[in-house]
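In: show me how the following folds:
(chains A and B)
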Amino acid sequence: DQQVKQNSPSLSVQEGRISILNCDYTNSMFDYFLWYKKYPAEGPTFLISISSIKDKNEDGRFTVFLNKSAKHLSLHIVPSQPGDSAVYFCAASSNSGNTPLVFGKGTRLSVIA
Amino acid sequence: DTAVSQTPKYLVTQMGNDKSIKCEQNLGHDTMYWYKQDSKKFLKIMFSYNNKELIINETVPNRFSPKSPDKAHLNLHINSLELGDSAVYFCASSLRTFKNIQYFGAGTRLSVL
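Out: Here you go, the predicted model:
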């Protein structure tokens, strides 16, 4: 039972354009969401998070949008750079982030120069 | 300096053997985790330890036994290895439990033949 779904296994984007990675969740108790980025042969690294009291959080080129009614979040990367090519994992937690993270399967982003 | 380090990076072994994976963090964190990423690419939590005490055991077979000699180390011992144990195992740590950002090791790829 996938509680966190990343339905696009891969995405290709031209350098300089916007990358939009999507994530859907089914558990209405989730109230804290994170994006992790993973390069080959490395562990995931934290990118950005959002609490359910917000609908947007921005950090430099990265913005996460949360639509609670649709149980959907998205990560926008603007402008995309070749170094952004990686696998992006969406993760969710409940009880204000005090329960184990539940991860999606990841989306592989390729930014083409 | 590697914040969360795991050894070995690769482990190839026969069914029925016993093996251990070591994990150390130098971040001064209180909580450490073991995750399993299986062939379907889901990253799932196995165990969580806070200050050497087990706080989460997510329906993992008894053949898996974590050991935390101190809060900077969380080792994973696996008895009687089975084919289905083949996966990438990630260690992680966070300042406190769950809500804080988790820092991951590079992973140990276990192949059971």
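
In: now do the same contact list for the residue of chain A at minimum distance from chain B.
Out: Closest to chain B within chain A is A:G43: 3.0 Å, counting by Cβ to the nearest Cβ. Heads up, the C-betas are built off the backbone N, CA and C, glycines and all. Counting by Cβ atoms under 8 Å, 6 or more residues apart in numbering or on different chains, A:G43 touches B:4, B:90, B:92, B:103-107.

In: so which of the residues you listed belong to helices?
Out: Using DSSP state H, no member of those sits in helices.

In: so who does B:A106 touch?
Out: A:41-43, B:5-6, B:9.

In: 7 Å instead, please
Out: A:41-43, B:6, B:9 (Cβ atoms under 7 Å, 6 or more residues apart in numbering or on different chains).

In: what subset of these is buried?
Out: A:43, B:6 (16 or more other Cβ atoms under 10 Å in any protein chain shown).

In: strands - which of the contacts of B:A106 land there?
Out: Using DSSP state E, the subset of these located in strands is B:Q6.

In: would you list the contacts of B:A106 in TSV and tack on distance to B:K44 and pLDDT?
Out: Shown next, in TSV, are the contacts of B:A106 (distance: Cβ to Cβ, whole Å; pLDDT from 0 to 100):
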residue	distance to B:K44	pLDDT
A:A41	20	91
A:E42	19	94
A:G43	15	95
B:Q6	17	96
B:K9	20	96
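
In: now A:V13: how far from A:D59?
Out: Applying Cβ to Cβ, to the nearest Å, the value for A:V13 to A:D59 is 19 Å.

In: circling back to that earlier point, from the contacts of B:A106, which is closest to B:L54?
Out: Distance to B:L54, by Cβ to Cβ, is smallest for B:Q6 among the contacts of B:A106, at 19.1 Å.

In: check whether the closest one really touches B:V88, as I assumed.
Out: No. B:Q6 is beyond contact range of B:V88, at 10.3 Å (criterion: Cβ atoms under 7 Å).

In: residues touching A:D24, list them.
Out: A:5, A:71-72.

In: give me the element it is part of.
Out: Using DSSP states H and E, A:D24 sits in strand A:19-25.

In: element containing the closest residue to A:K54 other than its chain neighbours?
Out: Counting by Cβ to Cβ, 6 or more residues apart in numbering or on different chains, A:K54 lies nearest to A:L66, which is 6.7 Å off, once chain neighbours are set aside. A:L66 belongs to strand A:62-67 when assigned by DSSP H and E.

In: and that strand with strand A:19-25, angle?
Out: 40 degrees (axes from the mean of the first three to the mean of the last three Cα atoms, to 10 degrees).

In: residues in chain A within reach of chain B, list them.
Out: Within chain A, the positions adjacent to chain B are A:41-44, A:46, A:89, A:93, A:96-101, A:103, A:105-106 by Cβ under 7 Å from any Cβ of the partner chain.

In: where does chain A dip in pLDDT?
Out: Under the criterion pLDDT under 70, the flagged ranges of chain A are A:97.

In: distance check, B:N100 against B:V60.
Out: Using Cβ to Cβ, B:N100 is found at 23 Å from B:V60.

In: ok, now A:A86?
Out: 28 Å.

In: so for the two, which residue has more residues nearby?
Out: The neighbour count for A:A86 versus B:V60, taken as other Cβ atoms under 10 Å in any protein chain shown, is higher for A:A86 (21 against 18).
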